[in-house]
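Trainee: compute the structure for the input listed below.
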Amino acid sequence: MNTDYDLIISGGGMVGAMLACALGQTDLNIALLEGTPLERIRPNAELGYRVSAINRASQRIFAAVGAWESMVAWRVSPFRAMQVWDAAGSGEIRFDSADLGEPLLGWIIENRVIQAALLERAQQLPTVTLCCPAALESAEPLAGNGWRALLTDGCVLTTRLLVGADGAQSQVRQLAGIDTRGWDYDQQAVVANVRTAEPHQQTAWQRFLPAGPLAFLPLSDGRCSIVWSTAPEMADELLARDETGFAEALAAAFDQRLGAIVEVGPRSAFPLRLQHARAYVKPGLALIGDAAHVVHPLAGQGVNLGLLDAATLAEVILDALATGHDFSSIKTLRRYERRRKGDNLLMLGVMDGFKRLFGNTLPPVRLLRNLGLNLTDAIGPLKNGIARRAMGLDGDLPRLARAVG
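Mentor: Next comes the predicted model:
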């Protein structure tokens, strides 16, 4: 096994695997570390209950690196509309792809389908070595340039650039001594796949409750993936209920928009927080995805932000290679940080603001937010502009995320 690499990516999840695919056709020698065995990642007949809302920019990235066709061959679930309303008033807004002249708003895709397709593509690239199962144990900077990495299996690797794509508790970030800012939301997201009495109409539904938003996301087999953000004690109670009790509580919380809940799959929950790294880069080191930022899932933008990180970092590295510059230097890496940090901070702030706005029970605040929802819904250009930005059709997009032609 080779022990000297140009690039080591710690974390073969959706974001890390995408970066490997984006750079896998260069002359760079890349090691991709993934701790979960491949047989546990590969999709099976039953749909997983951890899903992501993939926007148009992310789909273009998947297509550009050669992984989209594999995702479609497994299963993807398009959605063409989004309906949002406030449980504490009459405010409601609907986004429809037809109003934008687009065929759809995005796709709901299982995380393991995305990850498996990207890892499958990475394995096809001659310059990528997939080390799986393998994870980073420790790392230290080398005297001249780069990093020495010790893996959990005892292997020692060296690299010019170490990339942390290893999630919110990033080992790479901690080893690099990069601090984070943020706070817990004192919420947990309860997730499950459910079947409703009425069809989901290829629509993503979201109701803002005082304790947190409840989303129903359409799946290809007619079911919905639910993400119910609520207080931890409520989450524990929901997980402890039998299927009938959970179905009744869910239907009531959702205002019976799709009728009764007639089938409930396995349930799980995970804590929610806001987190942002004070720096994304150091000499020979970069953070992408949740290692750099964690956002509230109420708008489903977390994975899309991470994929834009990876696509932007790939573009910066490719530009450095094309112009003969050191792709691992702090000067080069700060170009990536400058392009992504502002946009990520803006999204974190907007999502945090929405979470606090819709969790506020003061009557004047409730009145204003419901007026705001209805007013935005009535102003077509404003509503469509918001939708286009969320879909990844506008903004400072890396080359991989732009439309061809």
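Trainee: so Ala31 lies in a strand, does it not?
Mentor: Yes. With DSSP: H, G, I helix; E, B strand; the rest coil as the criterion, Ala31 is part of a strand.
Trainee: for it, give its distance to Val65.
Mentor: Computed as CB to CB, to the nearest Å, the Ala31 to Val65 distance reads 18 Å. The way it works is simple: take the backbone N, C-alpha and C, and place the C-beta from them, glycine included.
Trainee: again, but for Arg388
Mentor: Distance of Arg388 to Val65, given as CB to CB: 23 Å.
Trainee: higher neighbour count, these two?
Mentor: Neighbour count, other CB atoms under 10 Å: between Arg388 and Val65, Val65 has more, with 26 against 15.
Trainee: what backbone torsions are found at that one?
Mentor: phi -90, psi 0 (degrees, to the nearest 10).
Trainee: am I right that it is in contact with Glu120?
Mentor: No. Using CB atoms under 8 Å, Val65 is not in contact with Glu120; the gap is 11.4 Å.
Trainee: what's the biggest helix in this protein, counting residues?
Mentor: Scanning the chain for the helix with the most residues, using DSSP state H, yields helix 330-359.
Trainee: contacting residues around the helix or strand just after that one?
Mentor: Following helix 330-359 in sequence order, the next helix or strand is helix 363-378 (DSSP states H and E). With contacts defined as CB atoms under 8 Å, 6 or more residues apart in numbering, helix 363-378 is touched by 84-86, 88-94, 357-358, 360, 382-383, 386.
Trainee: got the CA positions of helix 363-378 in CSV?
Mentor: The C-alpha trace of helix 363-378 is given here as CSV (Å, rounded to 0.1, in the frame of the first residue of the first chain):
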residue,chain,number,x,y,z
PRO,A,363,-48.8,37.4,19.8
PRO,A,364,-47.3,40.4,17.9
VAL,A,365,-44.5,38.2,16.6
ARG,A,366,-47.0,35.5,15.5
LEU,A,367,-49.1,38.2,13.7
LEU,A,368,-46.1,39.6,11.9
ARG,A,369,-44.6,36.3,10.7
ASN,A,370,-48.0,35.2,9.4
LEU,A,371,-48.4,38.4,7.6
GLY,A,372,-44.9,38.0,6.2
LEU,A,373,-45.7,34.5,4.9
ASN,A,374,-48.8,35.6,3.2
LEU,A,375,-47.3,38.7,1.7
THR,A,376,-44.3,36.8,0.4
ASP,A,377,-46.6,34.2,-1.2
ALA,A,378,-48.5,37.0,-2.9
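Trainee: next helix or strand past it?
Mentor: Sequence order places helix 380-390 as the next helix or strand after helix 363-378, per DSSP H and E.
Trainee: from the contact counts, what lies against that following helix?
Mentor: Here helix 380-390 touches strand 92-96, helix 363-378, going by 3 or more CB pairs under 8 Å, 6 or more residues apart in numbering; DSSP states H and E.
Trainee: need the ones you listed in a markdown table (columns: mean pLDDT and distance to Met234).
Mentor: Rendered in a markdown table, the data for the helices and strands packed on helix 380-390 read as follows (pLDDT from 0 to 100; distance: least, CB to CB, whole Å):
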| stretch | mean pLDDT | distance to Met234 |
| --- | --- | --- |
| strand 92-96 | 94 | 24 |
| helix 363-378 | 90 | 21 |
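Trainee: right, so those: which one is the most enclosed?
Mentor: strand 92-96 (a mean of 17; mean count of other CB atoms under 10 Å).
Trainee: and the angle from that one to helix 363-378?
Mentor: Angle of strand 92-96 versus helix 363-378, following axes from the mean of the first three to the mean of the last three CA atoms, to 10 degrees, is 30 degrees.
Trainee: remind me what strand 92-96 packs against, helices and strands.
Mentor: Secondary-structure packing of strand 92-96 (3+ CB pairs under 8 Å, 6+ apart): strand 81-86, helix 363-378, helix 380-390.
Trainee: out of the contacts of helix 363-378, which end up buried?
Mentor: Using 16 or more other CB atoms under 10 Å as the burial test, these include 84-86, 88-89, 91, 93, 358, 383 as buried.
Trainee: and which of those is nearest Ser220?
Mentor: Among the buried ones among the contacts of helix 363-378, Val84 lies closest to Ser220 (CB to CB), at 22.4 Å.
Trainee: sketch out the low-pLDDT regions of the stretch 301-405 of the chain for me.
Mentor: In the predicted model, the stretch 301-405 of the chain carries pLDDT under 70 at residues 404-405.
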